[in-house]
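J.: Sharing a model prediction with you, sequence too.
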Amino acid sequence: MASNYSRWMHLVRVTAYVQRFVDNVQSKRKKIPQRSGPLTNDELRRAQEYHFRQAQRDAYAEELRLLGGSNNEGERITQVTSSSKIHRLSPFLDPANLLRMNSRAAKCIFLFPDEKYPIILPDDHPVTHLVLADFHERYHHRNYVTVANEVRQRFCIPRLRRTLRKMRHRCQWCRNRDVSPVPPEMAELPQARLAAFSRPFSHVGVDFFGPIEVIAGRKVEKRWGVLMTCLTIRALHIEVASSLNTSSCIMALNNFIARRGTPVCFYSDRGTNFVGASKELREAVRALDKHQLSKEFTTASTSWRFNPPATPHMGGSWERLVQSVKRNLTEILRSRRPTDEELRSALTLIEGVLNSRPLTEVPVDNESEPALTPNHFLLGSSDGSKPFTLCDDNVQTVRRGWQVSQVMANAFWKRWLRNYLPEITKRSKWFKKVKPISVGDIVVIVDPEHPRNCWPKGKVIGTVEKGGQVRRATVQTSRGVYERPAVKLAVLDIWSESS
C-alpha cells in the first residue's frame with residue numbers, strides 16, 4: 001500500500017480517514033460517538049503507528065514473534081537472538097506493539113519519549129523511504145546533515161546515511177536540479193585541420209570582434225574587426241569593417257579574397273554566437289543576412305558552413321585568436337581612442353606578430369631548427385626576412401628557383417606533419433564514449449547566460465551522429481524548436497518504480 005504513494009503525509013491522512021470510516025461504521029456496536037471534521041493529532045498518530053507496525057512486520061517478523069511471546073516458565077521474553085540484525089539495538093515492544101530501541105538516555109527527564117526510545121524501521125522499505133523523503137522535502141532538499149540528525153531524534157534506521165544518500169538519488173527534484181551534460185568523446189579533427197600540402201587560407205574560419213571606438217574628425221565612431229584564420233596552418237588575416245551590415249561584411253571578405261586568394265570553404269559560428277562580450281555586437285551580428293553571405297560566397301569552388309548554435313568549442317580555432325588580438329590591441333592602444341589609420345596600422349602589426357608565433361615547441365638547443373610558425377608558409381621564414389639574390393633572364397635559373405621554393409614549402413609541410421600534427425591530435429578532454437542522447441529523451445538545455453532554474457526543458461525529436469557519438473540534437477520545447485550540441489544538453493533521468 002505504501003508503495004503506491006509518493007508522499008508520507010498523503011499516505012497518513014488517507015489511512016486516518018479510512019480508520020475513521022471504520023470506527024464510524026462500528027460506532028453503534030461499540031457505543032462511541034461518530035467523528036467528523038478535520039483529522040485530530042490522535043488519529044494521525046494512530047495512522048502513522050499502523051504503517052510503522054506494518055513495516056516492522058515485513059522486516060522483523062521473527063523478532064516481533066519472539067518479543068511478543070513468553071518462555072517455558074511463563075515469563076515474557078525481553079531479548080532477541082544474537083543472530084538478529086537488530087540485536088545490538090536492544091529492541092523491546094512498547095504498549096502500541098512498536099519495536100523501539102532501548103537507549104541509555106532513559107533517565108533523562110528533558111527528552112521526549114521518541115527521543116529516549118526511537119522507533120526501529122528497516123532501511124529498505126517503502127514506509128522508510130516515504131518518511132525520509134518527508135524530512136528531505138521539509139528541509140528544502142538540502143541540509144543533509146541536519147536531516148540525518150533530525151531523523152535520529154525519532155527513528156533508529158540501520159545504515160541511515162547510506163539510506164539517505166539512496167533516497168536523494170531517487171528524488172526527482174534533486175536529480176533535475178543537479179543534472180549536468182555528459183559530453184561525448186572528443187570527435188576526430190575535421191578535414192580542414194588536416195589539409196596538408198594545400199594553399200594557405202584554403203579553409204578559413206571567420207569571426208567578428210569589437211566594437212572599437214575611433215576618432216573621425218570631431219566624432220567618435222565604432223569599428224569592428226573581421227578575423228579570418230587558416231584552419232590548417234593557423235595563420236590569420238584581419239580586416240576592419242565600418243559597420244556590421246551585410247554589405248560591409250561582404251566588402252571585408254572580398255578584400256581578404258583579393259589578398260589571400262579564394263578559399264575552398266568558409267567556416268563560422270551562427271550570428272548569435274560570434275565572439276564579443278558587448279550586447280551591441282551580438283545584436284548587430286544577429287541582424288546580418290547570413291543567407292546573403294552564404295549566397296555571395298558559395299560557388300562551384302567555394303562553400304560556407306555554419307556551426308550549430310551554442311557551439312563555441314567547435315570554433316575554438318578562431319575564438320582563441322580573437323582573444324589574442326584583443327589583448328595585443330589593448331596593450332598597443334592603451335586607453336586612448338585611435339584614428340582609423342592608427343587602428344588599421346595596429347591590427348596589421350598584430351597580424352604580423354601573431355603570424356610569427358611558434359606552432360611547435362621552441363627548441364632549447366641553438367643548433368636545432370627554429371620552431372615552425374604560420375609565416376613560414378606565408379613568407380618563407382618566421383619574420384619574412386629572405387637572403388638577397390640576383391636573378392637573370394636564364395630560363396633554367398628561373399625554373400631552378402621555382403623548384404627550390406617548392407622544396408622549401410614541402411620541407412615546411414613535412415615539419416608540420418612531424419611536429420605540429422601530433423600535438424593537435426591529442427584529446428585534452430572528453431576521453432570516454434558515453435550513452436548517446438536518443439529521440440524521446442527529456443533534456444535540459446544548458447544556458448550559462450541565465451540562472452539554472454530558467455533553463456528550458458524539452459524533448460529530443462532528432463539527433464545528428466558523428467564518429468559513433470551523437471554530437472547535436474534537435475529539441476522541442478514550449479518556446480519552440482532548438483538545435484543544440486550534446487555538451488549543452490543534460491538528460492533528465494526520470495525515475496520510476498519499474499526502473
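T.: On my side now, so go ahead. Numbering: from 1, shown residues only.
J.: and stretch 77-84, how far from the chain's centre?
T.: 52 Å (Cα atoms, centre = their mean, to the nearest Å).
J.: quick one: contacts of that stretch?
T.: 60, 62-63, 66-67, 69-71, 86-87, 90-92 (Cβ atoms under 8 Å, 6 or more residues apart in numbering). The C-beta positions use only the backbone N, C-alpha and C, and glycine is treated the same way.
J.: May I see the residues you listed organised as CSV, with neighbour count, pLDDT and secondary structure added?
T.: Below are the contacts of stretch 77-84 laid out as CSV (neighbours: other Cβ atoms under 10 Å; pLDDT from 0 to 100; DSSP: H, G, I helix; E, B strand; the rest coil):
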residue, neighbour count, pLDDT, secondary structure
Y60, 21, 89, coil
E62, 13, 87, helix
E63, 21, 85, helix
L66, 16, 84, helix
L67, 18, 83, helix
G69, 9, 70, coil
S70, 9, 64, strand
N71, 8, 63, coil
I86, 18, 85, coil
H87, 13, 85, helix
S90, 14, 85, coil
P91, 25, 87, strand
F92, 16, 88, strand
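J.: and the residues you listed as JSON lines, adding distance to M101?
T.: Formatted as JSON lines, those follow (distance: Cβ to Cβ, whole Å):
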{"residue": "Y60", "distance to M101": "12"}
{"residue": "E62", "distance to M101": "17"}
{"residue": "E63", "distance to M101": "12"}
{"residue": "L66", "distance to M101": "16"}
{"residue": "L67", "distance to M101": "13"}
{"residue": "G69", "distance to M101": "20"}
{"residue": "S70", "distance to M101": "22"}
{"residue": "N71", "distance to M101": "23"}
{"residue": "I86", "distance to M101": "8"}
{"residue": "H87", "distance to M101": "11"}
{"residue": "S90", "distance to M101": "7"}
{"residue": "P91", "distance to M101": "6"}
{"residue": "F92", "distance to M101": "8"}
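J.: Would you map the helices across the stretch 101-250 of the chain?
T.: Under the criterion DSSP state H, counting those that start in this stretch, helices of the stretch 101-250 of the chain are mapped to 113-116, 126-138, 144-152, 160-170, 172-178, 246-260.
J.: For the stretch 201-350 of the chain, which segments count as strands?
T.: For the stretch 201-350 of the chain, the strands defined by DSSP state E, counting those that start in this stretch occupy 203-216, 219-230, 236-241, 265-268, 303-306.
J.: Skipping adjacent residues, who's closest to D441 in space?
T.: Excluding its sequence neighbours, the residue lying closest to D441 (Cβ to Cβ, 6 or more residues apart in numbering) is V460, at 4.6 Å.
J.: Each with direction, which strands does the helix or strand the one you found falls within pair with?
T.: Using DSSP states H and E, V460 sits within strand 457-466. Strand pairing for strand 457-466, using DSSP bridges, gives strand 442-445 (antiparallel), strand 469-477 (antiparallel).
J.: in the very next helix or strand once past the longest one, what's buried?
T.: Meaning strand 469-477. Downstream of strand 469-477, the first helix or strand assigned by DSSP H and E is strand 480-485. Buried positions in strand 480-485, judged by neighbour count with 16 or more other Cβ atoms under 10 Å: Y482, R484, P485.
J.: Go through the residues you listed and name the one nearest C265.
T.: P485 (20.3 Å; Cβ to Cβ).
J.: so how many other residues sit close to C454?
T.: 8 (other Cβ atoms under 10 Å).
J.: Would you enumerate the residues in contact with it?
T.: D447 are the contacts of C454 under Cβ under 8 Å, 6+ apart.
J.: Can you read off the pLDDT for it?
T.: With respect to pLDDT, C454 scores 83.
J.: Tell me the spacing between it and V481.
T.: 19 Å (Cβ to Cβ, to the nearest Å).
J.: G205 too?
T.: Counting by Cβ to Cβ, the gap from G205 to V481 is 27 Å.
J.: How about R138?
T.: 39 Å.
J.: And V264, by the same measure?
T.: 32 Å.
J.: before we move on, what about S303?
T.: The value you get for S303 to V481, if Cβ to Cβ is used, is 25 Å.
J.: hmm, back to that, closest to S180 out of the contacts of stretch 77-84?
T.: I86 (39.4 Å).
J.: For the stretch 101-250 of the chain, give me the ranges with low pLDDT.
T.: The stretch 101-250 of the chain contains no residues with pLDDT under 70.
J.: give the contact list for the residue nearest in space to the middle of the chain.
T.: Nearest to the mean C-alpha position of the chain, by Cα atoms, centre = their mean, lies P181 at 3.8 Å. Going by Cβ under 8 Å, 6+ apart, P181 touches V446, A486, V487, K488, L489, A490.
J.: May I have the phi/psi pair for the residue nearest to it when sequence neighbours are not counted?
T.: In space, P181 comes closest to A490 once its chain neighbours are excluded; the distance is 4.8 Å by Cβ to Cβ, 6+ apart. Main-chain dihedrals, A490, degrees, to the nearest 10: phi -110, psi 120.
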